[in-house]
Every structure is written in C-alpha cells, then in structure tokens.
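Undergrad: fold the following for me, if possible:
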Amino acid sequence: MKVIYRITYPNGKIYIGQDITDSINYFGSASSTLIAADYTREERYSFTITRNIIWESEGASKAEVYEMERRAIVEFRANDPAIGYNRWPKFRG
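TA: You can find the predicted model right below:
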C-alpha cells in the first residue's frame, strides 16, 4: 500500500509525506533543524506527534504518489512556514 500522511506536531504545525512501503514506524524526513527551532529544551522531554493517513492506493505509480503528495502539501499549506515543515514545493504566499 502506498500512502500520503500528515504528521501534526504539538505546536500544531504539520508535515506531509509519502510512504510507498506503508511502514507503521515511518514518520517522514522533515528537517530536524526546522522542528528543533520551534521547541525549548524542556518541551523536548515529552513530545507527542500524530500521523494520519490522508490518501492511500495499492496500484498508484510512483509518479502518481509524488503528484498526490505535492497536491496535499499545497492543499494543507504544509509548505507555508507558519503552518508546516515542508519546504517543497516553494511556498508562494
């Protein structure tokens, strides 16, 4: 199963990603530097994120998965630095 997921961090910011293996233990490749800048040392002691599958397909091609990921990033504005941690596609404000 190929999936597009949305990760929500404690500060409400999101990250949209894809997983073509449907691993229950995969939480994306958002920039650790960007995320760390939003949290104090104390806030790091207890940190809960939520991962929601927002799209899935058994038969989609890699190109279709990439396109669905791009669409979801734009739709949820996950590439807007005020809302999310995605940096692609570039946010145009």
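Undergrad: could you use CA atoms for every contact and neighbour count after this?
TA: Will do.
Undergrad: measure stretch 32-40 end to end?
TA: Distances were taken as CA to CA, to the nearest Å; on that basis the terminal residues of stretch 32-40 are 14 Å apart.
Undergrad: for the residue of the chain positioned farthest from its centre, grab phi and psi.
TA: Relative to the centre of the chain, and counting by CA atoms, centre = their mean, the farthest-placed residue is Glu42 at 23.7 Å. Main-chain torsions, Glu42, degrees, to the nearest 10: phi -60, psi -40.
Undergrad: got the buried residues for the biggest helix by length in the chain?
TA: The helix of greatest length in the chain, counted in residues with DSSP state H as the criterion, is given as helix 62-76. For helix 62-76, burial by neighbour count (16 or more other CA atoms under 10 Å) applies to 65, 68-70, 72-74.
Undergrad: per-residue confidence at the residue farthest from the centre of the chain?
TA: In the prediction, the pLDDT value recorded for Glu42 is 97.
Undergrad: how close does it get to Thr50?
TA: Following CA to CA, the distance that separates Glu42 from Thr50 is 20 Å.
Undergrad: mind listing the helices for the protein?
TA: If you assign secondary structure with DSSP H, the helices in the chain sit at 32-36, 62-76.
Undergrad: any residues touching the longest one, and which ones?
TA: Applying CA atoms under 8 Å, 6 or more residues apart in numbering, the contact partners of helix 62-76 are 2-4, 15-18, 79, 86, 88-89.
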